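Novice: sequence first, then the predicted structure:
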Amino acid sequence: MSRSCLAILWLCSGACLAAPELQVAGEWLNFATVQGVRENSPYNPGNNLAGLPNTRFESVLRGNLRLNAAPFVLAIGPRLTGRRDYGTNDASTNTTHEELYLQSWQMEYRGAAVDLFYNRELLLWGPSLFASPSNPFFRDTNQVNPFTELPSRAFVGGRWRFSDTSQLNLLVNVDDGRDSEVLRHFKAITALQLEHRGYDYSLGVVAANRDGKWRSGLYGQHTLGESAVLYADGAWFASSDRLIARQQGSDWALTTRPERNYVDLLLGGAYTFSGGVTINAELRRNGEGYDAGERRAMARYAQFHADGFTGNDPATIGRSAQALGAVVQPHASTYGRNYLLLQYNDQQIAERTSLVMQWSYSIDSHESTVTAVISHDAGDRIRLQANLNAFTGSGSGEYHKYLDYAIFTGAKIFF
């Protein structure tokens, strides 16, 4: 955040008329990451393109300060990180990196029924665990890794609470913040969101516009008794930024999809057993994803340009690197079209120990990711954690392009 934003925060805090209430919290993370980098991947041949480290040691200090002084709410979330990477070749040399940044900030005026705000935040909604197609800002919502944070964005807008159960939000994404948009220029997204919460259900409707292109979304959930929940999250849109591979003579290039209607729909449910274990199951159908022919074309595109790394011509190597780098599409929420997603959550598998197991499976490419997160409270302020990930499949889809596995282990200290 710029110095001017910090100055605004300081001035606003001095302007608060009510007796202020300051809340301070933080955590210190120290963890190691071990990755099995795929050496034979056509998307990252010999690890010469991405330069992924095989080992990383990282220390992160996270702070959260919140000042409540009606009618103002002010908050900042600074982060101080330091890491040491150990590489595998000339493209992933041993490096040290330090960074100080703001993951979040909040400047809100809260009136009787209308709120105004300028925030940097991770703006998530909807009941699903893995993705939120209706969210035009953050479609991937999976936050199971305890050591990483999804990048945040900056928003300005207002909130009208026109009843105890309903509100209308106007949101303008004015900056991509920590969530840098690789391979496409940032353009502001404006969204209108209507939310309503009933006794045993909730419902949300979203309309968003980016550069004259509209996207509509719908999400909701319904509670069945005391143990079961059914939910859905979907979107309809008429254009796509996704790149597809096409052969052009003896060359391969990426082009955008033609404009047509797309539907991205997730259906899910959760059941909580008497012992406290919760199981979630989700099915997702994303019409924007690649079909079988498009997946094969992308694999041929990658192999064609990976062969450019075998020569000694710097110009050819540079063109190949640029072409393979274009395959990275963070704005593309899935690679394929059909997915099955399962989660097992036991917060008391042993004394002061929890376990979360996830399985994400691509029905189209038969690839999968298996994730296990184990947490153990070693004291009131110390938590030991491990996040284990294994990727299976041919490597032509989304899960197995770069890594065979990734293991995170470390500890958090709360203060």
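Specialist: Good, I have the coordinates. Keep in mind it's a predicted model, so treat the numbers as computed, not measured.

Novice: where does pLDDT dip in the stretch 101-250 of the chain?
Specialist: Along the stretch 101-250 of the chain, the model assigns pLDDT under 70 to residues 181-184.

Novice: same thing but 90
Specialist: Along the stretch 101-250 of the chain, the model assigns pLDDT under 90 to residues 126-127, 138-144, 150-151, 176-187, 211-212, 225-226, 238-244, 248-250.

Novice: for it, which segments count as strands?
Specialist: With DSSP state E, counting those that start in this stretch, the ranges of strands along the stretch 101-250 of the chain come out as 114-121, 153-160, 166-175, 189-197, 201-210, 213-224, 228-237, 243-248.

Novice: packing partners for the fifth one?
Specialist: The reference is to strand 201-210. strand 189-197, strand 213-224 (3 or more C-beta pairs under 8 Å, 6 or more residues apart in numbering; DSSP states H and E). Where C-beta positions appear, they are placed from N, C-alpha and C, glycine not excepted.

Novice: now do the shortest one against strand 201-210, angle only.
Specialist: For strand 189-197 against strand 201-210, the angle by axes from the mean of the first three to the mean of the last three C-alpha atoms, to 10 degrees is 170 degrees.

Novice: what packs against strand 189-197?
Specialist: strand 166-175, strand 201-210.

Novice: give the pairing partners of the first one; include direction for each.
Specialist: Pointing back at strand 166-175 there. strand 153-160 (antiparallel), strand 189-197 (antiparallel) (DSSP bridges).

Novice: surely residue 234 meets residue 266?
Specialist: Yes - the pair residue 234 and residue 266 passes the contact test of C-beta atoms under 8 Å, sitting 6.6 Å apart.

Novice: got any residues that touch both of those two?
Specialist: Taking C-beta atoms under 8 Å, 6 or more residues apart in numbering as the contact rule, residue 234 and residue 266 both touch residue 133.

Novice: higher neighbour count, these two?
Specialist: Neighbours per residue (other C-beta atoms under 10 Å) separate residue 234 from residue 266, with residue 266 holding more: 26 against 21.

Novice: now do the same contact list for that one.
Specialist: Counted by C-beta under 8 Å, 6+ apart, residue 266 has contacts 128, 130-133, 232-234, 282-285.

Novice: and those, which of them are buried?
Specialist: 128, 130-133, 232-234, 282, 284-285 (16 or more other C-beta atoms under 10 Å).

Novice: neighbours of residue 22, how many?
Specialist: 11.

Novice: after the helix or strand hosting it, which helix or strand is next?
Specialist: Using DSSP states H and E, the element containing residue 22 is strand 21-37. Heading C-terminal from strand 21-37, the first helix or strand you meet, by DSSP H and E, is strand 55-69.

Novice: that following strand pairs with which strands, and in what direction?
Specialist: Strands that pair with strand 55-69, judged by DSSP bridges, come out as strand 21-37 (antiparallel), strand 72-86 (antiparallel).

Novice: okay, the helices and strands packed on strand 189-197 in a markdown table with mean neighbour count and distance to residue 310 next?
Specialist: Output for the helices and strands packed on strand 189-197, formatted as a markdown table (neighbours: other C-beta atoms under 10 Å; distance: least, C-beta to C-beta, whole Å):
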| stretch | mean neighbour count | distance to residue 310 |
| --- | --- | --- |
| strand 166-175 | 17 | 41 |
| strand 201-210 | 18 | 40 |
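
Novice: may I see the ones you listed organised as TSV, with distance to residue 64 added?
Specialist: Putting these into TSV (distance: least, C-beta to C-beta, whole Å) gives the following:
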stretch	distance to residue 64
strand 166-175	21
strand 201-210	26
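
Novice: now the strands of the stretch 101-250 of the chain as TSV including distance to residue 409?
Specialist: What follows is those, written out as TSV (distance: least, C-beta to C-beta, whole Å):
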stretch	distance to residue 409
strand 114-121	29
strand 153-160	30
strand 166-175	34
strand 189-197	37
strand 201-210	37
strand 213-224	34
strand 228-237	32
strand 243-248	36
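
Novice: and these: which comes nearest residue 388?
Specialist: strand 228-237 (27.5 Å; C-beta to C-beta).

Novice: show me which residues of that closest one are buried.
Specialist: 229, 231-237.

Novice: what pairs with that strand, and is each one parallel or antiparallel?
Specialist: For strand 228-237, pairing defined by DSSP bridges yields strand 213-224 (antiparallel), strand 262-272 (antiparallel).

Novice: show me what counts as buried in the longest one.
Specialist: The one in question is strand 213-224. Quick answer for strand 213-224 (16+ other C-beta under 10 Å): 215, 217-223.

Novice: and which of these is nearest residue 138?
Specialist: The closest of those, once distances to residue 138 are taken by C-beta to C-beta, is residue 217, at 12.2 Å.

Novice: quick check: beta-bridge partners of the closest one?
Specialist: Applying DSSP bridges to residue 217 gives these bridge partners: residue 206, residue 235.

Novice: distance from the chain centre to stretch 205-212, please.
Specialist: Stretch 205-212 sits 20 Å away from the centroid of its parent chain (C-alpha atoms, centre = their mean, to the nearest Å).

Novice: begin at 260, not 1, for the rest of this chat.
Specialist: Got it, the first residue is 260 from now on, which makes the last one we talked about stretch 464-471.

Novice: what's next to stretch 608-619, contact-wise?
Specialist: For stretch 608-619, the external contacting residues (C-beta under 8 Å, 6+ apart) are 389, 403, 598-607, 627-637, 658.

Novice: kindly report the same for stretch 455-463.
Specialist: Outside stretch 455-463, the residues within contact range by C-beta under 8 Å, 6+ apart are 384-386, 393, 424-425, 452-454, 476-482.

Novice: cool, and stretch 504-512?
Specialist: 513-514, 553, 556-557, 559-560, 563-564, 582.

Novice: ok so, going back, which of the buried ones among the contacts of residue 525 sit farthest apart?
Specialist: 391 and 544 (14.7 Å).
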